[in-house]
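> All I have is the shape, not the residue letters:
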């Protein structure tokens, strides 16, 4: 089974590209969705124990949690030490399930693929990219987004240029949906041709 690591900086079109892989028949593990689920399930008790007051009605309040960890590297590390093993366990369960189903290719949709070291656990890396001006326009169009928030998010991510340099494949989303879909199809063809 070939494991694809799908990543891209904020505003590059990674979620849309992940959906294109799904539509082409490749099972996709969405790490953001796993975290959302954990924040309503298995991670609530340990996170609340580490950061009292961040759980509301049995779920982690992301805003409250962000206030506690943003700008505090030690707190962020404590949170990651709780969440990452739970995410990896969910990934392993997904992998086992897809293996049993006979999947040839699976996709890990991981925004922080390089930042977390998850790039070492995949067979091929696909980076979703667009020019800086396109990215900025997309992100600043989001509700509640500011130039400052955008800059803070970018500061925590490996730069797009470096991601592209480390990629096996790049999907260029500024060319439109059909062009991106064709690139996804070509990636799947190339990977299916591997022994």
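Here it is on my side, so go on. This is a predicted model, so every value here is computed, not measured. Residues are numbered from 1 along each chain as shown.
> Using the record's domain definitions, break the protein down for me.
Per the record, the chain has its domains at 1-27+104-195, 28-102, by automatic domain parsing.
> looking at those domains, which is buried most?
Highest mean neighbour count of these: domain 1-27+104-195, a mean of 17 (counted as mean count of other CB atoms under 10 Å). No exception for glycine: its C-beta is placed from N, CA and C like everyone else's.
> about what we covered before: dump the domains of the chain to CSV, plus mean pLDDT.
Shown next, in CSV, are these (pLDDT from 0 to 100):
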stretch, mean pLDDT
domain 1-27+104-195, 93
domain 28-102, 93
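> Quick one: the strands in the chain, in order.
2-7, 28-30, 55-56, 59-60, 105-109, 124-129, 169-172 (DSSP state E).
> Redo these as TSV? Include distance to residue 191.
Converted to TSV, the strands of the chain look like this (distance: least, CB to CB, whole Å):
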stretch	distance to residue 191
strand 2-7	5
strand 28-30	14
strand 55-56	41
strand 59-60	36
strand 105-109	6
strand 124-129	6
strand 169-172	9
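> Quick one: closest of those to residue 162.
Taking CB to CB, strand 124-129 is the member of those nearest to residue 162, at 9.6 Å.
> What are the contacting residues of that closest one?
With CB atoms under 8 Å, 6 or more residues apart in numbering as the contact definition, strand 124-129 has outside contacts at 2-9, 12-14, 17, 107, 113, 119, 160, 163-164, 166-173, 187, 191.
> isn't residue 43 right next to residue 84, touching?
No - using CB atoms under 8 Å, residue 43 makes no contact with residue 84, being 10.4 Å away.
> Common neighbours of the two, please.
With CB under 8 Å, 6+ apart, residue 43 and residue 84 have no common neighbours.
> for residue 131, what are its contacts?
Contacts for residue 131 (CB under 8 Å, 6+ apart) come out as residue 174.
> OK, contacts around residue 28?
Counted by CB under 8 Å, 6+ apart, residue 28 has contacts 6, 18-19, 21-22, 106-109.
> could those residues be laid out in TSV, adding distance to residue 138?
As requested, the contacts of residue 28 are arranged in TSV below (distance: CB to CB, whole Å):
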residue	distance to residue 138
6	18
18	16
19	16
21	20
22	21
106	27
107	22
108	23
109	18
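> what's the closest of the residues you listed to residue 39?
With CB to CB as the yardstick, the closest approach to residue 39 among the contacts of residue 28 comes from residue 109, at 17.3 Å.
> Output the contacting helices and strands for the helix ranked longest in the chain.
Determined from DSSP state H, the single longest helix within the chain is helix 73-101. In terms of contacts (3 or more CB pairs under 8 Å, 6 or more residues apart in numbering; DSSP states H and E), helix 73-101 is packed against strand 28-30, helix 31-38, helix 44-50, helix 62-69, strand 105-109.
> rerun at 10 Å
Other helices and strands packing on helix 73-101, by 3 or more CB pairs under 10 Å, 6 or more residues apart in numbering; DSSP states H and E, are strand 2-7, strand 28-30, helix 31-38, helix 44-50, helix 62-69, strand 105-109.
> No more questions from me, cheers.
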